[in-house]
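S.K.: What shape does this take:
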Amino acid sequence: MVPPSPSSGSSRQVVVTGLGAISPIGATAEESWSELLAGASGARSLEHPWVEELGLPVTFAAQAKVEPDTVLERIEAKRLDRGAQLALIAARDAWRDAGSPEVDPDRLGVDWATGIGGVWTLLNAWDTLREKGPRRVPPLTVPMLMPNAAAAAIEMEFRARAGARTVVSACASSSESIGNALDHLRLGYADIVIAGGTEACIHPLPIAAFAQMQALSKRNDEPGIASRPYDAQRDGFVLGEGAAALVLETEEHARARGARIYARLVGGAVTSDAFHISAPDPDGSVPRTMELALRDAGLSAADVDHINVHATSTPVGDIAEYKAMRKVFGHALDGIPISATKASTGHLLGGAGAIEALFTVKALSERVAPPTINLTDPDPEIPLDVVTSPRALPDGDLVAISNSFGFGGHNAVAVFTTV
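M.R.: Predicted coordinates for the structure are as follows:
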């Protein structure tokens with residue numbers, strides 16, 4: 001694809017003008033942020049009959065705070081998998097927050113992400129096929145289960161014709177989609193891009209599969225304190241669901257329409273470990289991802305004032321990310337406030353990077369680092385300045401990064417600054 005004019009390029013500044021979400025702790029971006037600051041947990045016991053019927057070893061998760069089919073019109077909910085429902089709700093929230101801008105459809109793009117896609121649709125259709133035969137399989141099964149269904153729904157909602165792309169890179173997916181949006185805006189492919197990610201796989205099969213990998217916490221009697229990044233007693237992540245969207249646009253376009261600007265998106269990077277399908281490479285490319293993202297932003301490690309970490313609450317993953325950050329920041333890491341927000345939201349998989357980027361933007365905009373709940377016994381092997389209650393960030397220009405890493409060795413980092 002060729003940019004529309006030779007003048008378009010990396011000199012274009014990109015800003016965040018809208019934020020939207022539906023998460024385990026909030027029906028909107030604003031409520032999710034407010035509940036995060038209040039120290040809420042979205043983890044709850046599952047009340048579905050299949051939990052007991054199937055004897056699942058993990059009986060809790062972080063479900064969306066409100067059911068998406070209570071927010072959407074009946075007919076549109078019926079035509080979308082749960083993940084795409086969540087995506088559309090988040091995108092509408094972000095678009096309203098951005099002031100519902102008027103934009104040429106040919107200059108509006110979508111960069112979206114998911115880690116798995118329409119798993120509920122796929123598995124329900126398989127059950128229908130086995131139990132009732134092929135003629136009873138719903139005709140919209142394929143359009144609903146395909147991983148790009150959420151991007152397609154958003155594209156059609158807003159008549160975005162500058163491209164609707166989908167990234168599927170496990171838990172790094174939506175951070176990668178944000179990086180793609182940055183590139184597309186810099187290169188002049190669009191004036192506005194709706195970027196983000198979604199996931200809805202709190203289904204018995206993914207729960208059983210993640211549990212078999214020893215990836216999930218098994219604190220069935222204490223779901224609210226199960227996700228505990230950097231705690232010595234952490235035993236796995238809490239499966240979460242939700243979606244988050246950022247309206248990104250060129251600063252020139254945003255200024256011309258008088259938009260409110262939350263922050264600038266100034267850099268991003270994607271790398272891969274080429275090491276193992278699920279385990280992080282202890283000497284891998286995670287440090288390089290952070291370094292490349294900062295270089296892309298024209299910044300250095302010494303400039304960073306805040307980090308929203310990936311920190312899933314797994315014994316192996318948390319320490320691997322810590323070691324990577326120590327390589328990049330050295331002793332300066334001791335003075336950087338760290339927020340591990342999966343403690344509140346659970347792990348949204350393909351939507352994780354987007355909700356955490358949203359929290360990073362809010363941290364810069366409101367100059368407050370959000371808390372990490374459930375950290376009662378800090379792991380002595382991970383000496384970090386973890387924020388455990390809302391903490392004011394200093395005056396002046398601020399830089400923050402948001403880290404995401406996924407199965408397959410996918411790494412993505414986004415860099416934001418104050419305006």
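S.K.: For L37, report the pLDDT, please.
M.R.: Listed pLDDT for L37 reads 98.
S.K.: which residues sit in contact with it?
M.R.: V368, P370, P371, P390 (CB atoms under 8 Å, 6 or more residues apart in numbering). Backbone N, C-alpha and C define where each C-beta goes, glycine included.
S.K.: Which one (most neighbours) among the residues you listed?
M.R.: P370 (27 neighbours; other CB atoms under 10 Å).
S.K.: ok, now which ones touch that residue?
M.R.: The neighbours of P370, taking CB under 8 Å, 6+ apart as the test, are W33, L36, L37, S339, T341, F359, K362, A363, V387, P390.
S.K.: CA-only coordinates of stretch 215-227 in PDB, if you can.
M.R.: Output of stretch 215-227 as PDB, limited to C-alpha atoms (Å, rounded to 0.1, in the frame of the first residue of the first chain):
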ATOM      1  CA  ALA A 215      -1.300 -21.400  34.100                       C
ATOM      2  CA  LEU A 216      -4.400 -20.500  36.100                       C
ATOM      3  CA  SER A 217      -4.700 -19.700  39.800                       C
ATOM      4  CA  LYS A 218      -6.600 -22.300  41.700                       C
ATOM      5  CA  ARG A 219      -7.700 -20.100  44.600                       C
ATOM      6  CA  ASN A 220     -11.300 -21.200  44.100                       C
ATOM      7  CA  ASP A 221     -12.300 -20.100  47.600                       C
ATOM      8  CA  GLU A 222     -10.700 -16.600  47.300                       C
ATOM      9  CA  PRO A 223     -11.200 -15.400  43.700                       C
ATOM     10  CA  GLY A 224     -10.900 -11.700  44.600                       C
ATOM     11  CA  ILE A 225      -7.300 -12.200  45.800                       C
ATOM     12  CA  ALA A 226      -6.200 -14.800  43.300                       C
ATOM     13  CA  SER A 227      -4.500 -12.500  40.900                       C
END
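S.K.: Show me how far it is from its chain's centre.
M.R.: 21 Å (CA atoms, centre = their mean, to the nearest Å).
S.K.: What are the buried residues along that stretch?
M.R.: A215, L216, S217, R219, P223, G224, I225, A226, S227 (16 or more other CB atoms under 10 Å).
S.K.: mind showing which ranges of this structure have poor pLDDT?
M.R.: Under the criterion pLDDT under 70, the flagged ranges of the chain are 1-11.
S.K.: can you count the residues close to E31?
M.R.: E31: 18 neighbours (other CB under 10 Å).
S.K.: how close does it sit to V66?
M.R.: Distance, E31 to V66, by CB to CB, to the nearest Å: 10 Å.
S.K.: what ranges do the helices span in this structure?
M.R.: 29-37, 49-53, 74-78, 82-97, 119-132, 141-145, 149-158, 173-186, 204-212, 251-256, 286-296, 315-329, 342-345, 352-366 (DSSP state H).
S.K.: Quick check: A162 touching E155?
M.R.: No. Counting by CB atoms under 8 Å, A162 stays clear of E155, with 9.4 Å between them.
S.K.: close enough to count as contact, S173 and G408?
M.R.: No. Between S173 and G408 there is no contact under CB under 8 Å: 10.5 Å.
S.K.: who's more crowded, these two?
M.R.: S173 (32 against 18).
S.K.: Tell me who's in contact with the residue nearest to T114 when sequence neighbours are not counted.
M.R.: The shortest distance from T114 to any non-neighbouring residue, by CB to CB, 6 or more residues apart in numbering, is to G350 (4.1 Å). G350 makes contacts with A113, T114, G115, I116, V168, A170, C171, S173, S174, G197, T198, E199, as judged by CB under 8 Å, 6+ apart.
S.K.: What's the separation between G350 and E291?
M.R.: 25 Å.
S.K.: same question, T417
M.R.: For T417 relative to E291 (CB to CB), the value is 17 Å.
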